[in-house]
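In: Structure of the sequence below:
(2 chains)
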Amino acid sequence: MNFNMKKHNIGVPFVSIILAMLVGAVAMLLAGYNPVSAYASFFDGIFSSPYLMGETIRQVTPLIFTGLAVAFAFRTGLFNIGAEGQFLVGQLAAVAVGIFFKLPFFLHIPLAILAAAIAGGLWGAIPGYLKAKRGVHEVITTIMMNWIAFILTNYLIRTYMKAESERSMDIQPTASISFEWLSDLFQGARIHLGIVIALLFAFLMYFLLWRTKQGFELRAVGSNSLAAKYAGMNVKRNIIKAMFISGALAGLGGASEGLGVYGYMTISSVFPGVGYDGIAVALIGSNTSIGVILGAILFGALTFGAQNMQMASDVPYEIIRIVIAFIIFFIASSDIAKSILGLLRKIPLRSRKGGA
Amino acid sequence: MKKVLFRFHTLLSVLLISALVLSACGAGGNSGNAKASNSGESGADTKKEERQIGMVTDASGVNDNSFNQGAWSGLQQLGETEKNVKVKYLESKSNADYETNVNNFVKQGWDLTYGIGFPLEEAIKKVSMANPDSNFAIIDSNLGGEIPANVVGVTFKEEQGSFLVGVIAGLTTKTNKVGFIGGMDSATINRFEIGFKAGVKTSNPDAEIATAYVGSFGAPDLGKQNAATMYDQGADIIFHASGGTGDGLFNEAIERKKAGKEVWVIGVDMDQSLRFGEEVTLTSMIKRVDNAVIQISKDFLEGNFQGGKEVQYGLNENGVSIADTSSVNVAADILERVTQYRQEIIDGKIVVPRTHDEFDKQFP
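Out: Predicted coordinates:
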């Protein structure tokens, strides 16, 4: 299997994480907190009980979807900043199907998920179309589409599906992918079937990109669109296709949140942020399926553990954002991590020589 | 080249080692210190009868210049004045954090947990039902009328305070046009709009009122844009209930003021003249979340917890008021009228409408 480990050997993210945590420790010291107890409570907040582990998985799940979405687009040479908006329309579509359809669960769940994938996919395909046919840069259009999605979903919830409070009505129980036995297994954590779907799609993405002709075309367009065109591939169609698939992946993330965690959708005043975090996850995972899963675990665990750090040692959440920012920084400027790896390799070598 | 690289390595190693050593020091000597200097806790006293009161912010964080900040300042005051009361806040960064943050307090055995803002409705509802022995309060919500016995729903009569600033706007405007900018089109924010409109119409029946809902509490660019449109259409006073979105309104007003235009802003939640200046801030409609939090907490500590009920804070309960600095820009005779209206509302002679329907009935 080719996970493209040539460019990013596994040591780079690892060293970057250690470095970033050290920077975080310095930041804590400067702000007058004790980094050792902070990190201790941080890890406590992720692993110390089944509830926390279940909630960590809950936090990780949407990041896998949005990470895959961004990574997939990257592979095709597209920078999809619109995962946020695609996530929202996907969530809305899934919740709407969950509310308004009355079906047995074995039809209801797939239909709601499919609706989310199509909605997210179309939302992604619009910037794809504009890029392919009109040459409008996708960074601009996807950001604009985020705002449209944000305001449109709020409007639709308020107009057509509002409950007593500031949210949509509840979905029918037949559409829910949250199961009591699973939650009970994790002491009532909001873990749900979404994680299985996420892992499934991570594999599907790997398979599509690396094991099919279509995937080869998409990657070819990504690495050199002129060469791909010269080889007789339809670059424009591939761009739209790639954006559709990317958007569908993000939309699935929305379905997983809507059907799994909440069972409704809130009228929100802020972006959920998972789409933007997905960009970082894709970067950490160097745009591979397995990398995205690991990146999402890292990102989700950091974000979730930070809450406990807040509770147990009063360290503000922002410190963990500093750590996250530095992880991204060190991975992006991977030379720093590489030079440290080089140094680490040299030390045992020298001592061996000295011993001889 | 090699030498340069080597130096870089040395530098990095020194940095790493010093960081490690520093952390180790921190672990050894600083632990007491770190606790004392931390801002999220005050009045810490480790006696057994210590009571613990926590609050969970909504996604706009604790320094939102608005009700999260107000609630925290209330809790801080409580932690300073009451003995054996420990207070703390947890910030939420997204909707998904609400439930885990509230759960965090409950699982650590805290006595009373506040959810600040209606976005926390679902989290408070769910966690309070799963933990009937813990107590909760939610600001700005009555949980749709079904309040569990271990929860107090705290709401404000925003329409009463907004009525008073509406009177000020109606009597101060020179163009006979005023505006209102709302964050999200929700029942709570509607009360600001409706009270304001009622105040304007009561004091100045001919005045026109423009309203706009931006759809977000964190979009100053949209706030600025909507403000510009309203000012261009002749409004000279704009009241907002839009959190951070209102920052854009203030910026627009400051720019126009500098260009010599006579425009005003009416602030919200806190005395916003302190932040944006008296040059543009006519007055502010203050929501005393701090008072409410202190009152509810004291009731709780004294064993008078009003679980299962909705407690409303209006003019009479000092839950809403106009800013103390209003006299700087508002004419004395207008303030006198405001004082009269205030008394009439408290006495029940004026019933300020709360919903669009009630408004339409009173002002057909």
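
In: center of the chain - which residue?
Out: You didn't say which chain, so I picked chain A. With distances taken as Cα atoms, centre = their mean, the residue of chain A nearest its centroid is A:L63 (2.5 Å).

In: Chain B is the one I meant
Out: Closest residue to the average C-alpha location of chain B: B:F67 at 1.6 Å, with Cα atoms, centre = their mean.

In: Show the pLDDT at the nearest residue to that one once chain neighbours are set aside.
Out: Excluding the flanking residues, the one nearest B:F67 by Cβ to Cβ, 6 or more residues apart in numbering or on different chains is B:V289, at 4.4 Å. (C-beta placed from N, C-alpha, C; glycine too.) Per-residue pLDDT puts B:V289 at 92.

In: Kindly report the same for A:R211.
Out: A:R211 carries a pLDDT value of 93.

In: who are the neighbours in contact with the residue in the stretch 201-350 of chain B that chain A sits nearest to?
Out: At 4.6 Å from chain A, B:F217 is the closest residue in the stretch 201-350 of chain B, using Cβ to the nearest Cβ. Applying Cβ atoms under 8 Å, 6 or more residues apart in numbering or on different chains, we find B:F217 in contact with A:S269, A:V270, B:S60, B:G183, B:M184, B:S242, B:G243, B:G244, B:T245.

In: Identify the residue nearest it in space, chain neighbours excluded?
Out: B:G243 is the one closest to B:F217 (Cβ to Cβ, 6+ apart), at 3.4 Å.

In: Could you list the residues of the stretch 201-350 of chain B in contact with chain A?
Out: By Cβ under 8 Å from any Cβ of the partner chain, the residues of the stretch 201-350 of chain B that approach chain A are B:G215, B:S216, B:F217, B:G218, B:G243.

In: quick revisit: what is the burial count for the residue nearest to B:F67?
Out: By other Cβ atoms under 10 Å in any protein chain shown, 28 other residues sit near B:V289.

In: just the one 3 residues further on next, same as before
Out: Other residues lying near B:A292 total 29 when counted by other Cβ under 10 Å.

In: correct me, but the residue nearest to the centre of chain B touches B:V154?
Out: No. Counting by Cβ atoms under 8 Å, B:F67 sits too far from B:V154 to count as a contact (10.6 Å).

In: Please enumerate the shared neighbours of the two.
Out: Overlap of the contact sets of B:F67 and B:V154 (by Cβ under 8 Å, 6+ apart) consists of B:I139, B:D140.

In: so what's the residue nearest to B:F217 up against?
Out: A:S269, B:S60, B:D64, B:S66, B:G183, B:F217, B:G218, B:D269.

In: Pick the one among the residues you listed closest to B:A210.
Out: B:G183 (16.2 Å; Cβ to Cβ).

In: Distance check, the closest one against B:F118.
Out: Computed as Cβ to Cβ, to the nearest Å, the B:G183 to B:F118 distance reads 12 Å.

In: Give me the more crowded residue out of those two.
Out: Between B:G183 and B:F118, B:G183 has the larger neighbour count (other Cβ under 10 Å), namely 27 against 23.

In: what's the distance between the more buried one and B:G314?
Out: According to Cβ to Cβ, B:G183 and B:G314 sit 21 Å apart.

In: And for B:I334?
Out: 22 Å.

In: shaky segments in the chain?
Out: The chain I'm using is chain A. Within chain A, the ranges that satisfy pLDDT under 70 run A:1-10, A:347-356.

In: not quite, I wanted chain B
Out: In the predicted model, chain B carries pLDDT under 70 at residues B:1-48.

In: Domain map for it?
Out: Using automatic domain parsing, the domain parsing of chain B gives B:51-156+B:290-313, B:158-286+B:331-362.

In: Nearest to A:F207 among the contacts of B:F217?
Out: When the contacts of B:F217 are compared against A:F207 (criterion: Cβ to Cβ), the nearest one is A:V270, at 35.6 Å.

In: What values do phi and psi take at the closest residue to the closest one other than its chain neighbours?
Out: Excluding its sequence neighbours, the residue lying closest to A:V270 (Cβ to Cβ, 6+ apart) is B:A59, at 4.8 Å. Per-residue torsions, B:A59: phi -70, psi -10 (degrees, to the nearest 10).

In: quick one, phi psi at B:T281?
Out: Torsion angles, degrees, to the nearest 10, at B:T281: phi -90, psi 110.

In: so what's it up against?
Out: With contacts defined as Cβ under 8 Å, 6+ apart, B:T281 is in contact with B:F250, B:W264, B:V265, B:I266, B:G267, B:Q272, B:S273, B:T325, B:N329.

In: and what of B:L90?
Out: With Cβ under 8 Å, 6+ apart, B:L90 has these contacts: A:Q307, A:Q310, A:M311, B:G54, B:M55, B:V56, B:T57, B:N101, B:N104, B:F105.
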